[in-house]
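>>> Need a 3D model of the following:
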Amino acid sequence: MPAVSKGDGMRGLAVFISDIRNCKSKEAEIKRINKELANIRSKFKGDRALDGYSKKKYVCKLLFIFLLGHDIDFGHMEAVNLLSSNRYTEKQIGYLFISVLVNSNSELIRLINNAIKNDLASRNPTFMGLALHCIANVGSREMAEAFAGEIPRILVAGDTMDSVKQSAALCLLRLYRTSPDLVPMGDWTSRVVHLLNDQHLGVVTAATSLITTLAQKNPEEFKTSVSLAVSRLSRIVTSASTDLQDYTYYFVPAPWLSVKLLRLLQCYPPPDPAVRGRLTECLEAILNKAQEPPKSKKVQHSNAKNAVLFEAISLVIHHDSEPNLLVRACNQLGQFLQHRETNLRYLALESMCTLASSEFSHEAVKTHIETVINALKTERDVSVRQRAVDLLYAMCDRSNAQQIVAEMLSYLETADYSIREEIVLKVAILAEKYAVDYTWYVDTILNLIRIAGDYVSEEVWYRVIQIVINRDDVQGYAAKTVFEALQASACHENLVKVGGYILGEFGNLIAGDPRSSPLTQFHLLHSKFHLCSVPTRALLLSTYIKFVNLFPEVKGTIQDVLRSDSQLKNADVELQQRAVEYLRLSTVASTDILATVLEEMPPFPERESSILAKLKKKKGPSTVTDLEEAKRERSADVNGGPEPAPASTSAVSTPSPSADLLGLGAAPPVPAGPPPSSGGLLVDVFSDSPSAAAPLAPGSEDNFARFVCKNNGVLFENQLLQIGLKSEFRQNLGRMFIFYGNKTSTQFLNFTPTLICSDDLQANILGPTKPVDPAVDGGAQVQQAVNIECVSDFTEAPVLNIQFRYGGTFQNVSVKLPITLNKFFQPTEMASQDFFQRWKQLSNPQQEVQSIFKAKHPMDTEVTKAKIIGFGSALLEEVDPNPANFVGAGIIHTRTAQIGCLLRLEPNLQAQMYRLTLRTSRETVSQRLCELLSEQF
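Numbers count the residues shown, from 1 in each chain. Alright, predicted model coming up:
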């Protein structure tokens, strides 16, 4: 910046400011200001022309008065005149006044724009910088129209100085954010990408901010930035702090630039293998540096170091393709969970919530459960406790569900009121999803009502009634439990609702016990009647008429209650009508008619869990970025029902209430279409017109292989479309949610996804699907549910074909949908003796398939375990005599058969080879499972 000459001190301004500060009262200040305003006005209107110094001084005084909170209605033209000065200080004050006081609707905008154009054309870097700063500060649409085409030329011109390039990049970023439609994409876009290679790191930092924002809306235009960003990041990460002295912040080289580069890379899917290898090295180096002892005790050093680390972890999570990095990131975050800095603990919990959604790092996240539970109990900051609740919810699975639910219930008693409803919803979802023993589920929900009844929404108690009605094995226990709970002196009204409904349906199951005789049940419920609201009283009246059918011996007592004046003459018309109708029904109807009218409720048809829908609504509306949320909700009740009982206790071929609870027995209606052909159950799901489909998209096979051992994540992504999956399989049934995200700002038209498969596959997997809205708005996301049933074993996979119009251009994308035989695995625990006994029984040559192959990935024990578990079989510890080997067992469930499967994986670290042996009772199953699993290592 040019030096200020001695005569630029503006003594008059200093005196005026001193006078203002010395004023003893507000009135004195206003009097002094008015005097000065009158003086300035007279000077501006005087006959004698003011020199540049005087204009600058008076404009500065006006600016100071404005900053004190007083209105300024003159002096604007004098400020504009200062822009034409050749003196830096005068021009600077003019631009400062305009940036602060001139609004976008001012009549002076045209004059200001002309002055800015002159400065931009002057090639004087100081004047160009002032002009660019003014454009960015005002940022009006008029300025965008005037300069959006000029600034990119300045940015990429070869003779532009570095300081001007920085200002131009940030100015263009400001205009793009305020008026994106006015910033034209053109030849400059390919040239601005190469600024990432600029020698001046300030230019690189500004350009990275600009490219990141532009790439979010126009990813195709800037896809070449990925390799350049990785190259620049590699140079920063591998450099010593002395190499980048001007941009090293407390021994951390260029932390702001590193963060921006990592954020830019999150706009794109994982790069090509060559670039990916270099990026992996960078990420490993960042994780390694996090383990090194700090080079300074200053908080600025740790802040900069951790900023880069957390952004690197976000990129690892975004790519979700490197198991080693995911596990390392989880371990690093685990160290932060007990850090003394509250912000670090918060960020660690938040990042681990996302890591818990990855198949590779989920087990590693679970190892920190005790630390997270301790944080829930001891953290002072409510926001950190809320993140701990989110992480417990994300890491929950069948192995730790009861522990996590118990801890959440314990915390609920003292939880902040602002998050109680969310905790209630999460407890209800987890209790339902992982309820192998439904008596535990009933106990949990009743405990939930007792602890936080005011926060238990209708969706929660509706759901518990729905599940009790749909499951015969829990109805008697539920009736007994609610009867005992209602005996408490103070019951929440939601408990009365649940108790009234369940006793009205299943009170007869406990009526044989003298302690819960029909009359006792009635008196217990009626003792709560006068304390309840009108809707609950209406429900209890329905329970009473149900009792008339279940227990004829209490008919007289109930009729007395119904004909009392408090019911027949009730001020509420609903209660009055029910009392009149129920009394008449109990009087005139025969026993057979009563039994028919008041018969037990039939099982409910199942849909998506209304509790889960309420939780999603509470979390906010869906966007394209919610594909990450879909990954994060790894266990979020996609089937609207709990985990099944062990395979040995449920029949495969016979429909049951538990099968209905999966939401697969009551499929949504399929729109009318042409009549089905030979395998017509799939007429709307699996189209028989593969000729219309495009070839498989590049990378489709690689993504398909990744999903063999995982159920959730991003299946496909290009510059226009992102396809995410969230699926769950139980025995021979499954449900898959497909998320289509429009990554552009333009609407997709005629959006038509179709599933295509061969006749053989069509006969072996069945399931209807919901249609998708043919119009997908820019930045929006739609989802499609596909229900699946495995009829018999199969080898092929269906192809998902998506056709739509984007900006008048027809788009056709095809990807393989990861519905593979191993998805119908049910893990089976076996002792060593039982395993080898069964192994010998499957010794026929047709029952065994063996494959010896070279390792394609690093031979990491933990990753191998995670893949075998993700494949679907149980991992049997201490079964094989060689502890380095991996042994698994499970059952493949189809509608027609259950096929036992045993596997043995023998790694050879020296040769970097594996030997995989699979034995099943069916040769085709052994062959297919061997093909699928061998591709994972």
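>>> Val100 is in contact with Phe66, isn't it?
Yes - between Val100 and Phe66 there is a contact at 6.8 Å, judged by Cβ atoms under 8 Å. In this view, the C-beta of every residue, glycine as well, is placed from N, C-alpha and C.
>>> Buried residues of the host helix or strand of Ile286, list them for me.
Following DSSP states H and E, one finds Ile286 within helix 273-291. Neighbour counts over helix 273-291 (16 or more other Cβ atoms under 10 Å) mark Val275, Arg276, Leu279, Thr280, Cys282, Leu283, Glu284, Ala285, Ile286, Leu287, Ala290 as buried.
>>> which stretches of the stretch 251-400 of the chain form strands?
252-253 (DSSP state E, counting those that start in this stretch).
>>> what ranges do the helices span in it?
255-265, 273-291, 299-319, 323-336, 342-355, 362-366, 369-378, 382-395 (DSSP state H, counting those that start in this stretch).
>>> will you turn the ones you listed into TSV that also has mean pLDDT?
As requested, the helices of the stretch 251-400 of the chain are exported to TSV (pLDDT from 0 to 100):
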stretch	mean pLDDT
helix 255-265	92
helix 273-291	89
helix 299-319	90
helix 323-336	89
helix 342-355	90
helix 362-366	87
helix 369-378	89
helix 382-395	90
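>>> Please identify which of those helices is closest to Gly713.
helix 299-319 (10.3 Å; Cβ to Cβ).
>>> what helices or strands is that closest one leaning on?
Using 3 or more Cβ pairs under 8 Å, 6 or more residues apart in numbering; DSSP states H and E, the elements in contact with helix 299-319 are strand 252-253, helix 255-265, helix 273-291, helix 323-336, helix 342-355.
>>> Out of these, which is closest to Cys901?
For these, the distance to Cys901 is smallest for helix 323-336, at 23.6 Å, taking Cβ to Cβ.
>>> got the contact list for that closest one?
280, 283-284, 287, 290-291, 309, 312-313, 316-317, 320, 344-345, 347-348, 351-352, 355, 358, 360-361, 364-365, 367-368, 371, 857-858, 860, 862-863, 866-867 (Cβ atoms under 8 Å, 6 or more residues apart in numbering).
>>> ok, of those, which come out buried?
If you count burial by 16+ other Cβ under 10 Å, the buried members of the contacts of helix 323-336 come out as 280, 283-284, 287, 290, 309, 312-313, 316-317, 320, 344-345, 347-348, 351-352, 355, 358, 360-361, 364-365, 368, 371, 863, 866-867.
>>> What's the local residue count around Ala884?
Counted by other Cβ atoms under 10 Å, the residues lying close to Ala884 total 11.
>>> what bits of the stretch 151-300 of the chain have low per-residue confidence?
Along the stretch 151-300 of the chain, the model assigns pLDDT under 70 to residues 240-243, 245.
>>> The same query, at a cut-off of 80, please.
Residue ranges of the stretch 151-300 of the chain with pLDDT under 80: 186-187, 239-246.
>>> Show me where the stretch 101-250 of the chain has its helices.
Using DSSP H, counting those that start in this stretch, helices in the stretch 101-250 of the chain cover 109-121, 125-138, 141-147, 150-156, 162-178, 188-193, 201-217, 225-238.
>>> looking only at pLDDT, what's the mean for stretch 914-930?
The average pLDDT within stretch 914-930 is 87.
>>> With Asp390 as the reference, measure out to Thr371.
Relative to Asp390, Thr371 is positioned 15 Å away (Cβ to Cβ, to the nearest Å).
>>> re the thing from before, report the angle between the helix holding Ile286 and helix 255-265.
Using axes from the mean of the first three to the mean of the last three Cα atoms, to 10 degrees, the inter-axis angle of helix 273-291 relative to helix 255-265 is 140 degrees.
>>> Does anything pack onto helix 273-291? Which helices or strands?
Contacts defined by 3+ Cβ pairs under 8 Å, 6+ apart place helix 273-291 against helix 225-238, helix 299-319, helix 323-336.
>>> Kindly format the C-alpha coordinates of that helix as PDB.
Only the C-alpha atoms of helix 273-291 are listed here, as PDB (Å, rounded to 0.1, in the frame of the first residue of the first chain):
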ATOM      1  CA  PRO A 273      -6.500 -45.000  -9.200                       C
ATOM      2  CA  ALA A 274      -3.300 -43.100 -10.000                       C
ATOM      3  CA  VAL A 275      -4.500 -39.800  -8.400                       C
ATOM      4  CA  ARG A 276      -6.300 -41.800  -5.600                       C
ATOM      5  CA  GLY A 277      -3.000 -43.300  -4.600                       C
ATOM      6  CA  ARG A 278      -1.400 -39.900  -4.200                       C
ATOM      7  CA  LEU A 279      -4.400 -38.600  -2.300                       C
ATOM      8  CA  THR A 280      -4.300 -41.600   0.000                       C
ATOM      9  CA  GLU A 281      -0.600 -40.800   0.800                       C
ATOM     10  CA  CYS A 282      -1.600 -37.200   1.700                       C
ATOM     11  CA  LEU A 283      -4.400 -38.300   4.000                       C
ATOM     12  CA  GLU A 284      -2.100 -40.900   5.700                       C
ATOM     13  CA  ALA A 285       0.500 -38.100   6.200                       C
ATOM     14  CA  ILE A 286      -2.100 -35.900   7.800                       C
ATOM     15  CA  LEU A 287      -3.200 -38.600  10.100                       C
ATOM     16  CA  ASN A 288       0.400 -39.400  11.000                       C
ATOM     17  CA  LYS A 289       1.100 -35.800  11.800                       C
ATOM     18  CA  ALA A 290      -1.900 -35.800  14.200                       C
ATOM     19  CA  GLN A 291       0.000 -38.500  16.200                       C
END
